[in-house]
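need coordinates for the below:
(chains A and B)
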Amino acid sequence: MREAEQTGHSEIVDQSRNFWNARPSTPRILATDFFARVDEVSALVIDIGTSSVRAGYAGDDTPKAVIPTTYGLLKTAPDADSAMPDATDPTQATTGASSKIYMGQFGPSVWRAGMEVSNPLNDGLIHDFEPITALMRHAVVDVMRCNPSDHPILVTEPAWNTPANRERMAEIMFEEFQVPAFYIANTGVLNAFAAGKGSALVIDVGQTMASVTPIVDGFVLRKGLVYSPLPKLVHAHARHILTNPNQQRRGIDLFPHQLVANKQQVEVGAPPRFTLREDRLKGTTDSWRNWYEAREVEEWIQSVAGVLEQGWNDQVAASRPPRQYEFPTGYNCWFAQERYSVGEQFFWHSPQLMASNPSLPKTIPALITESLRACDPELRQVLVGNVVLTGGGSLFAGFGDRLSAELARSFPHVKIHSPGNPVERRYGGWLGGSVLASLGTFHQLWISKEEWTEHGKAIVGQRCK
Amino acid sequence: MANSSEVRAILDLPSSSTPAPAPKKLSVPTARKPDGISRELFSLIGPSSTTLVAQLAKPRLKQKPNLGAGSKIKWQWRAFKNEYPFAKYNVQRPTFTYSEDEYTLHLEDSEWTKEETDYLMKIVAEYDTRWYVIYDRYEFAGGVARTMEDLKDRYCSVCRKLVRNRPWAGDENSKNALLSSYQFDKEREVLRKRYVASLENRTPEQIAEEEALYMEIKRLEQNERKFKRERDDLLRTIAGIDSGLPDIVEDELPASSMSSDPKRSKKRNGADLDSPSTPLMSTPLSRAARPSLPPKNSAYDLQHCITRTEPPAAATSATKAAHQPAYLRSFKLPFPKAAQAQKVTQALAELGVSHTRLVMPTQGNVALLDQLLEATTALVDTKKAVDKIEFDIQVLKNRLGMQGAAAGTAAEEGDGGTEGMEVDDGNDADGDADGEGDGDGEDGRAQSVLKTHFNVRTGPAVNVHLLRGFCGHGIDTGGDKAAKANLIQGVCCVKFMAYRVHR
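Here you go, the predicted structure:
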């Protein structure tokens, strides 16, 4: 007992000594402190995508605020002031005199009578800046509790953004948010940075757009940039599979759970027994219902759909185990082969389909081929050896394996960087922005407020190449 | 950090057999506990600890970030020193600017306007000569489409011209270095790019074929190697030579009379050509003993039949290339010079000698073969020269004949004239005498080498000299009258040598 005490004591003493000896020199502490202060400008990074707006501190590895980009819009009658909700509610903002915006966690997903739902982005580009301002304010002020006028802000843009759009963004930042400094960076470049690469072929599959962007030394090669609304097609295909009747089942109802009053458990494949909330049906807008049905389809895709690794093969598809899925109505069934036909849309379109629809979005392999063809032949090998797979859409089951199989078929030395961590994959652009804005050498690139007032919009194009 | 007795008190445990005196003892010094050290720690180390002296200062912890709180942050542009350790590698290329005069004087180009050149220089500076990016962003309003090579070519030529035509402050070397850094061969670059593209555009069938061919060539090489090995084995079996023993290359018989060449005799160390190398002498014993002995022990060498070859002249450097590995002498048989190989082979074939195969490649034999080849080469050279002279004579004679016909003078004149005429006459005569016809002069020039000996009267001196070289012992250099005999003898000698070589 006593011995144990003694050794225990001596251990403690040793540890304490080590603790003291570990930090003997004050200058070193001061030095790190010095550097930390030099590099630390506490910049914010905002990444606006079709599905969500990501905001956070530069230097962090995950965004602090992730809010859906889609917002609810409730047009109130001019005389219905009494029905106005509490003005201090952070998820709401008034736009003009007669409408209200619902954003964030309790925004569009909450059923409200007469609430329309819309998205300020169209094909990855911002087409409506008014809700964008509100969304950014909500993310920074309400969720992060930051004052934007205290922080330099880095915003991302897709590679096909227009100069007018980025100038408008700069204007909003400087005029409305009064930011001290601003920079707008390309998501392709940022995704390459997030992967630790200066030159890369970034394959970004988002909610509505799939793009292939060649990056060389941190610059987008605009001639090699290609994109198509392929994910939309995949989504439409999945929705078609679900809602259209086939031999095994009738068309599936995609009522969101907000509209279902009650449901009963039913056998697999049996018709669902549920009652709808008649009180809500009348006040439900088409846009809200469409949006929520799309969410139901998305959820089905994420849990059931997949893609075969080696291209379509009936036997292989039939040999895979089927998966069960239950919809909010209580209807449930097994999905076998058809679940693999969804992912096939990413990689292959039947000639009949292509002939019938000339404006069909290009498949991923077609995009890659087109992008590489536009690049210098010498660059192709470099780019193919540095493929970066990113975007939430790329988390589609089996996507990475199929892509590497497709690429290996046409190129001898392919290397695909695809982070296994879903956060890194989904918020790759934000992460790259976080890396970039926390670099000490980056700070000379910020557009300061003085420069903005002095040079105006032209400075954006000059600085952000 | 609680003391053990305190812990016991807290946990209501009975106190240990011996009461712990520690708390009472330590309670006195703790009154003088210095700042910046916890009470528990101080009580453990005690006041006498020397380490405490240096650690009395209050620990300075890292300051917590003060994000936007308090006073408003003022953002402004300031010069700063880049502390980044790799910043020194961020070297900027010199940017060139030129005046209007300079442009008109040096930089005019039919394909480029000054405006576009200005734009090019600007964009190159802007993107820091990242040509892929420059090519991607290059958009000159109203300009023609340019390839990356066009842009590079123009930029480099402008820079070259400016460097060349401006006064240069530094030395010539740095100027040349700078100039060469702006060297750009457009055609070559275009060609190279095309090759790269064609390499990529191979169809899978082509790639498969290429791979198949590669495999095939590898297979053939392997077969060849195998075949060669088998052949060597067979050769050894048949000839009874085990030449896989690099140490034993010579036998120990004393020098023969054949070694008249001083260089050769020194090298050969007096070995007999006819005696075969003895495989029995291979002996791991001798090999094991060798390192312990001085490298140039001639007595030892003699005893163990070791022949030391002179290292090549360039072997002073200790590089890999200078090192000469052990080899079989039969692998390094002398070979006639490529230019004359055919004729030499032909000449030797006439003698019934095959120089490509040596049954017993002893050092002496190899040297002999080497000489034989040298002599034959000289013979071929002589033959060639003779043929040429003959032809010249023929031409001159024809001309003379024509002159004679024109002047109407007697043809006899030529007989007492030049030596060349005599040669020619003799040639004719000999040719007739031999009954071989006189086609030798022109069309039959390459037919036979040996025949020339008989045809050329002036030749013997040369030939005899050669033959002396062949045989190593004197041949009567009688001159014209003995020529034929000498030559016959010489040929015999060559044949004899060939015979010996072959044995």
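
C-alpha from now on. contacts and neighbour counts both.
Will do.

which positions in the stretch 301-450 of chain A make contact with chain B?
A:376, A:377, A:378, A:441, A:448, A:450 (C-alpha under 8 Å from any C-alpha of the partner chain).

please flag which of those residues sit within helices.
The helices, defined by DSSP state H, take in A:377, A:378, A:450 from these.

confirm that residue A:46 sits in a strand.
Yes. Under DSSP: H, G, I helix; E, B strand; the rest coil, residue A:46 falls within a strand.

what is the neighbour count of it?
27 (other C-alpha atoms under 10 Å in any protein chain shown).

kindly provide the distance from it to residue A:184.
10 Å (C-alpha to C-alpha, to the nearest Å).

what segments of the stretch 151-300 of chain B are helices?
Ranges of helices in the stretch 151-300 of chain B, per DSSP state H, counting those that start in this stretch, are B:172-181, B:186-200, B:204-239, B:262-268, B:284-289, B:298-303.

out of the ones you listed, nearest to chain A?
With C-alpha to the nearest C-alpha as the criterion, chain A lies closest to helix B:186-200 of those, at 5.7 Å.

closest one to residue B:348 out of the ones in helices among the residues of the stretch 301-450 of chain A next to chain B, please.
Of all these, residue B:348 sits closest to residue A:378, with 56.1 Å by C-alpha to C-alpha.

rank the helices of the stretch 151-300 of chain B by pLDDT, which is bottom?
Out of these, helix B:284-289 stands lowest, with a mean of 40 (criterion: mean pLDDT).

where does the residue in the stretch 351-500 of chain B that chain A sits nearest to land in three-state SS?
Residue nearest to chain A within the stretch 351-500 of chain B: residue B:356 (46.9 Å; C-alpha to the nearest C-alpha). Judged by three-state DSSP, the three-state class of residue B:356 is coil.

gap between it and residue A:383?
Relative to residue A:383, residue B:356 is positioned 55 Å away (C-alpha to C-alpha).

okay, these two: which has more neighbours?
For residue B:356 versus residue A:383, the count of surrounding residues by other C-alpha under 10 Å is larger for residue A:383: 22 against 13.

what's the strand or helix carrying the more buried one packed up against?
Using DSSP states H and E, residue A:383 maps to helix A:377-384. Helix A:377-384 sits against strand A:200-205, helix B:186-200, with contacts defined as 3 or more C-alpha pairs under 8 Å, 6 or more residues apart in numbering or on different chains; DSSP states H and E.

turn the ones you listed into JSON lines, including distance to residue B:382.
Below are the helices and strands packed on helix A:377-384 laid out as JSON lines (distance: least, C-alpha to C-alpha, whole Å):
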{"stretch": "strand A:200-205", "distance to residue B:382": "70"}
{"stretch": "helix B:186-200", "distance to residue B:382": "47"}
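
for the ones you listed, which one sits closest to residue B:131?
Nearest to residue B:131, of the helices and strands packed on helix A:377-384 and by C-alpha to C-alpha, is helix B:186-200 at 13.4 Å.

if we can go back for a sec, who wins for neighbours among the ones in helices among the residues of the stretch 301-450 of chain A next to chain B?
Of all those, residue A:377 has the most neighbours under the rule other C-alpha under 10 Å, reaching 18 neighbours.

okay, now the closest residue to that one other than its chain neighbours: neighbour count?
Using C-alpha to C-alpha, 6 or more residues apart in numbering or on different chains and skipping residues adjacent in sequence, the residue nearest residue A:377 is residue B:197, 5.7 Å away. Residue B:197 has 15 neighbours, counted by other C-alpha under 10 Å.

same check, this time on residue A:381
The local packing of residue A:381 (other C-alpha under 10 Å) involves 16 other residues.

ok, now residue A:372?
24.

kindly report the same for residue A:56.
The burial count for residue A:56: 27, using other C-alpha under 10 Å.

Three-state assignment for it, please.
strand.

chain A contacts on the stretch 101-250 of chain B?
By the rule C-alpha under 8 Å from any C-alpha, the part of the stretch 101-250 of chain B lying against chain A is B:132, B:133, B:136, B:137, B:193, B:196, B:197, B:200.

so the nearest residue to residue A:122 once chain neighbours are set aside, which state does it fall into?
Excluding the flanking residues, the one nearest residue A:122 by C-alpha to C-alpha, 6+ apart is residue A:50, at 7.8 Å. Counting by three-state DSSP, the backbone at residue A:50 sits in coil.

surely residue A:50 meets residue A:127?
No. With contacts counted by C-alpha atoms under 8 Å, residue A:50 stays clear of residue A:127, the gap being 11.4 Å.

what do those two both touch?
residue A:121 (C-alpha atoms under 8 Å, 6 or more residues apart in numbering or on different chains).

more neighbours: these two, which one.
Between residue A:50 and residue A:127, counted using other C-alpha under 10 Å, the more crowded position is residue A:50 (20 against 14).

which phi and psi does the more buried one have?
The phi/psi pair for residue A:50 (degrees, to the nearest 10) reads phi -70, psi -30.

over to residue B:402?
Here is the backbone geometry of residue B:402 (degrees, to the nearest 10): phi -60, psi -40.

report the secondary structure state of residue A:74.
Secondary structure state of residue A:74, per three-state DSSP, is strand.

wait, it touches residue A:115, no?
Yes. The criterion here is C-alpha under 8 Å, and residue A:74 meets it with residue A:115 at 4.6 Å.

looking at the two, which is more packed in?
residue A:115 (25 against 19).

show the contacting residues for the more buried one.
Counted by C-alpha under 8 Å, 6+ apart, residue A:115 has contacts A:72, A:73, A:74, A:75, A:284, A:285, A:288.

now swap in residue A:233 and tell me
A:345, A:361.

picking up where we left off before, buried only: go through the residues of the stretch 101-250 of chain B next to chain A for me.
B:132, B:133, B:136, B:137, B:193, B:200 (16 or more other C-alpha atoms under 10 Å in any protein chain shown).

what's the most distant pair in those residues?
Most distant of those, by C-alpha to C-alpha, are B:137 and B:200, 25.1 Å apart.

in what helix or strand does residue A:213 lie?
Short version: residue A:213 belongs to strand A:210-216, going by DSSP H and E.

just the CA trace of that strand, in CSV.
Coordinates of each C-alpha in strand A:210-216 appear next as CSV, following Å, rounded to 0.1, in the frame of the first residue of the first chain:
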residue,chain,number,x,y,z
ALA,A,210,-22.3,18.3,-62.8
SER,A,211,-19.1,20.0,-64.0
VAL,A,212,-15.6,19.0,-65.0
THR,A,213,-13.1,21.8,-64.5
PRO,A,214,-9.4,21.5,-65.4
ILE,A,215,-7.3,23.5,-63.0
VAL,A,216,-3.7,24.3,-63.7
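
check whether it comes near chain B.
Yes. Contact of strand A:210-216 with chain B (C-alpha under 8 Å from any C-alpha) involves residue A:216.
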